[in-house]
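S.K.: model this:
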Amino acid sequence: MSGANYQQIPSLPIRDEFMALLRTEWTRQVACQNECHPPESCSCQRTIVHVHDLEAWWKKPASGNPKNTNWEQFVYGLPLLPGRNLPITPKKIFGGGQSRLRILSLLIRQKRDRLIDCFYEANMHDHYMDRSEDYQRLREQLADVVRKEEVEPIINAFHNEKWEFCPLTLTSDMSIDLRGMEVIPPFCMKIKLPKKGGTASIYWVAVQKALVSDDALALALKDSLYMDKTHGEVGSLAPN
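M.R.: Residues are numbered from 1 along each chain as shown. Purely as a prediction, here's the structure:
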């Protein structure tokens, strides 16, 4: 990542600005999740999105109309779906305590953002992105606005890519077995260490400082921080 502050991105139409930031500032490389060997056979998802920065940008005043936030300004420009008479309102993206900013962001990347109305009608929101839904309600909504043969590819693409927008939140006291999970750990480096006796596998991992939101973990990482030419400022914890 370039490390440049996103305010340095030149003023662009809101969709272009979003895509530029997603590409240059918010998308982060991560290490292989499953110890793929040989390395060239790896098919793990190798990127995550810095969703906290992404959400903060959506909530900023729009440069062309500071009375609206970026997400409000974007939604006002969305076209109606076929067979729909009511416009997509900002409340469908962020209202009633429920956010769909991450869902909207993924759909924009997939060039399917006007389908956000279907996700709203299916009662899907960011809080449940890291769950494996059966998508039946979404399937029914999509069937009303796209061709029958498009429904399953749209759902499959959303399911396969959504994990990048809900990376695992790290804490100082977490204990979780990540093997076989669909969640993407935000480790930019992961090295398996030699076993000692009959102990389970132990890893040395590093994480980008910007992705750490837990205060206790940030404090624990403080003394290990260093600048990596690829990943920027990173920190690691030595295994016990």
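
S.K.: look up how far residue 41 lies from the residue nearest to the spatial centre of the chain.
M.R.: The chain has residue 165 as the residue nearest its centroid, 1.6 Å off, counting by CA atoms, centre = their mean. Shown here: residue 165 relative to residue 41, a distance of 26 Å by CB to CB, to the nearest Å. For glycine as for every other residue, the C-beta is placed from the backbone atoms N, C-alpha and C.

S.K.: mean confidence for the strand or helix carrying residue 120?
M.R.: Element membership of residue 120, judged by DSSP states H and E, is helix 116-121. The average of the pLDDT scores along helix 116-121 is 93.

S.K.: report the buried residues of the next helix or strand after it.
M.R.: Sequence-wise, the next helix or strand downstream of helix 116-121 (DSSP H and E) is helix 136-143. Residues of helix 136-143 classed as buried by neighbour count (16 or more other CB atoms under 10 Å): 138, 141-142.

S.K.: now tabulate the residues you listed in a markdown table and tack on pLDDT and distance to residue 227.
M.R.: Listed next are the buried residues of helix 136-143 as a markdown table, based on pLDDT from 0 to 100; distance: CB to CB, whole Å:
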| residue | pLDDT | distance to residue 227 |
| --- | --- | --- |
| 138 | 95 | 43 |
| 141 | 95 | 47 |
| 142 | 96 | 46 |
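
S.K.: of the residues you listed, closest to residue 201?
M.R.: Within the buried residues of helix 136-143, proximity to residue 201 (CB to CB) peaks at residue 138, which comes in at 38.0 Å.

S.K.: ok, which stretches of this protein are helices?
M.R.: 14-21, 51-58, 70-76, 101-109, 116-121, 136-143, 148-161, 215-221 (DSSP state H).

S.K.: which one of these lies closest to residue 186?
M.R.: Across those, the minimum distance to residue 186, taken as CB to CB, is reached by helix 51-58, at 10.5 Å.

S.K.: what mean pLDDT does that closest one get?
M.R.: Regarding helix 51-58, the rounded mean pLDDT is 94.

S.K.: pull the residues that contact it.
M.R.: 6, 18, 21-22, 25-26, 69-71, 99, 101-102, 105, 165-167, 210, 213 (CB atoms under 8 Å, 6 or more residues apart in numbering).

S.K.: one more pass at 7 Å, please.
M.R.: The contact list for helix 51-58, computed with CB atoms under 7 Å, 6 or more residues apart in numbering, reads 6, 21, 25-26, 69-71, 101-102, 105, 165, 213.

S.K.: now render those as a markdown table, adding pLDDT and distance to residue 113.
M.R.: Shown next, in a markdown table, are these (pLDDT from 0 to 100; distance: CB to CB, whole Å):
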| residue | pLDDT | distance to residue 113 |
| --- | --- | --- |
| 6 | 40 | 20 |
| 21 | 96 | 15 |
| 25 | 92 | 19 |
| 26 | 95 | 16 |
| 69 | 94 | 16 |
| 70 | 95 | 13 |
| 71 | 94 | 11 |
| 101 | 96 | 12 |
| 102 | 96 | 13 |
| 105 | 97 | 9 |
| 165 | 94 | 14 |
| 213 | 80 | 27 |
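
S.K.: give me the buried entries from the residues you listed.
M.R.: Using 16+ other CB under 10 Å as the burial test, those include 6, 21, 25-26, 69-71, 101-102, 105, 165 as buried.
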